[in-house]
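Participant: After the sequence you'll find the predicted model.
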Amino acid sequence: MTLEPNELQATRLEQLWSSDFGDQYVSRNSALDPGRGKFWAQIMAETNPRNVLEVGCNLGGNLAHIAEHLEAMNIYGIDVNAKALRTLRGSMPDVNAVHSVARSLPFRDRMFDLVFTTGVLIHQPDSTLPLVMAEVVRCSGRYVLAGEYYAQESVEIGYRGEIGALFKRDYGQLYQEYCPELTLLRKGFLGKDDGWDDVTFWLFERD
């Protein structure tokens, strides 16, 4: 089977994050930041979801805060890195930790009340970003949340010697262009004092 160019690019990055490169990322981001608790308490109160999916969950740093407001059995996280998933299963055994790529999620349409990414869309190439966004929206029954690095115009940032591995973009605008069924509820900024790496977030509601 011959892969199309966009599939080749996506596969290269998925393999990168599945490899020792991704393991090193897991090791660098092993600490649970308690500062994020306030943000997740607000989001959970605002959306009141019955179940939640994080696309690109890493070790579950966000899911641990969500589990303070929702039973673990109703929390799902997907990732391509086996080390991250093993660690998540060890620390939160009742959370549903699933190995999957973001551009083809193994869930039915509208399965989750809230689907979100934080620092995941930034690692998607232009060729497959619309696929990933469409999958996030497809699996959401009501709310979509993105917390990503913002730039008014798309710009690639060098990332640990890798090419095509990190992009700043206006993800809120792109979501509304690719997925017109979304309505923006609010937008905000999360700085280091909030437990985040200076990211912009967008919360959408789906028709």
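Facilitator: Looks like it came in fine.

Participant: drop to CA atoms for contacts and neighbour counts, all remaining ones
Facilitator: Fine.

Participant: in this structure, which ranges drop under the pLDDT threshold?
Facilitator: Under the criterion of pLDDT under 70, the regions of the chain flagged as low confidence span 1-7, 16-17, 19-32.

Participant: give me every residue that touches the residue nearest the centre of it.
Facilitator: Within the chain, one residue has its C-alpha closest to the average C-alpha position: by Cα atoms, centre = their mean, that is residue 117, at 2.1 Å. Residue 117 makes contacts with 54-57, 145-148, as judged by Cα atoms under 8 Å, 6 or more residues apart in numbering.

Participant: all helices for this structure, in order.
Facilitator: The residue ranges that make up the helices of the chain, judged by DSSP state H, are 5-18, 20-28, 37-47, 61-66, 82-91, 129-139, 171-178.

Participant: Which elements pack onto the fourth one?
Facilitator: To tie it back to what came earlier, the one meant is helix 61-66. In terms of contact count using 3 or more Cα pairs under 8 Å, 6 or more residues apart in numbering; DSSP states H and E, helix 61-66 is assigned the packing partners helix 37-47.

Participant: Sort out which residues of the helix it packs on are buried, please.
Facilitator: Of all the residues in helix 37-47, those buried under the rule 16 or more other Cα atoms under 10 Å are 37, 40, 43-44.

Participant: before we move on, what about stretch 168-181?
Facilitator: Under the neighbour-count criterion of 16+ other Cα under 10 Å, stretch 168-181 has 168-172, 175, 179 buried.

Participant: Determine how far the last residue of it lies from the first.
Facilitator: 23 Å (Cα to Cα, to the nearest Å).

Participant: contacting residues around it?
Facilitator: Outside of stretch 168-181, the residues that reach it under the criterion Cα under 8 Å, 6+ apart are 122, 130, 133-134, 137, 146, 148-157, 182-183, 202, 206-207.

Participant: Apply 6 Å and report the result again.
Facilitator: For stretch 168-181, the external contacting residues (Cα atoms under 6 Å, 6 or more residues apart in numbering) are 149-155, 206-207.

Participant: Which members of these are the farthest-apart pair?
Facilitator: The distance between the two most remote of these (Cα to Cα) is 30.5 Å, for 155 and 207.

Participant: Between these two, which is the more surrounded one?
Facilitator: Set side by side, residue 155 and residue 207 show more neighbours around residue 155, with 13 against 10, by other Cα atoms under 10 Å.

Participant: any idea how far the more buried one lies from residue 63?
Facilitator: Computed with Cα to Cα, the distance linking residue 155 and residue 63 is 29 Å.

Participant: Could you do residue 193 as well?
Facilitator: To residue 63, residue 193 is 20 Å away according to Cα to Cα.

Participant: same check, this time on residue 109
Facilitator: Shown here: residue 109 relative to residue 63, a distance of 22 Å by Cα to Cα.

Participant: Between the two, tell me which one has more neighbours.
Facilitator: Between residue 109 and residue 63, counting by other Cα under 10 Å, residue 63 is the more crowded of the two (23 against 14).

Participant: residues touching residue 18, list them.
Facilitator: Residue 18 is in contact with 80-81, counting by Cα under 6 Å, 6+ apart.
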